[in-house]
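Enquirer: pasted the sequence and its predicted model underneath.
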Amino acid sequence: MMKMVMDTRDQRGASAIEFAIVLPVLVALLFGIIELSILFYDKAVITNAGREGARAGIAFAPTPLDDAGIAAVVNTYCSSNLITFGSATAAATAVSRGGSGSSGDPLTVTVNYPYEFLVLPNFVTALTGPVNLQAVTVMRME
């Protein structure tokens, strides 16, 4: 019976070439995971900012906040909690009141935030543009 002997001299450098082929895919996957994690975190932040603004708007203490006051609460929350590597874009806040603004009437706070990709900005933004994140909160006046 004949034994086959593999010549390892022909295999030198194969693992380096395989690594060079796989590395860009792994790096792109890693940065994609990081980017989506930041996007979902920022979505949670604007959702919480809308809740904070709505909560501040429905409470009568001693007078309810006006629309500018609610927007200030939302922007303060966003500016201290959003993840941005550079200049932060302010969240656009829209407030609508149902009825006469008395107890039991709904207050709707809508927060829009244009999310620009942070880790791979030029590549992804050129393909998709900024992603508009939106959070809507409805609470009843107290």
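Expert: Nice, thanks for sending it over. Residues are numbered from 1 along each chain as shown.
Enquirer: name the helix or strand for residue 127, please.
Expert: Residue 127 belongs to helix 121-128 when elements are defined using DSSP states H and E.
Enquirer: quick one: average pLDDT of that helix?
Expert: This predicted structure assigns helix 121-128 an average pLDDT of 71.
Enquirer: pLDDT of the following helix or strand past it, averaged?
Expert: Read in the C-terminal direction, the helix or strand following helix 121-128 is strand 131-140, with elements assigned using DSSP H and E. Averaged across strand 131-140, pLDDT comes to 92.
Enquirer: contacts for strand 131-140 next, please.
Expert: 39, 42-43, 46-47, 49-51, 53-55, 57-58, 104-115, 117 (Cβ atoms under 8 Å, 6 or more residues apart in numbering). (Glycine included, C-beta is placed from N, CA and C.)
Enquirer: narrow the residues you listed to those that are buried.
Expert: 42-43, 46-47, 49-51, 53-55, 57-58, 107-111, 113, 115, 117 (16 or more other Cβ atoms under 10 Å).
Enquirer: can you list the buried residues in the helix or strand harbouring residue 70?
Expert: According to DSSP H and E, residue 70 maps onto helix 67-81. Using 16+ other Cβ under 10 Å as the test for burial, helix 67-81 gives 70-71, 73-75, 77-78.
Enquirer: my read: residue 112 touches residue 91, true?
Expert: Yes. Using Cβ atoms under 8 Å, residue 112 is in contact with residue 91, at 6.6 Å.
Enquirer: tell me how far the lengthiest helix in the chain lies from the chain's centre.
Expert: Longest among the helix segments of the chain by residue count, using DSSP state H, is helix 14-58. If you compare the mean C-alpha spot of helix 14-58 with that of the full chain, they lie 8 Å apart, counting by Cα atoms, centre = their mean, to the nearest Å.
Enquirer: same check on stretch 83-93?
Expert: Centroid separation for stretch 83-93 versus its chain: 10 Å, with Cα atoms, centre = their mean.
Enquirer: buried sites along it?
Expert: 91, 93.
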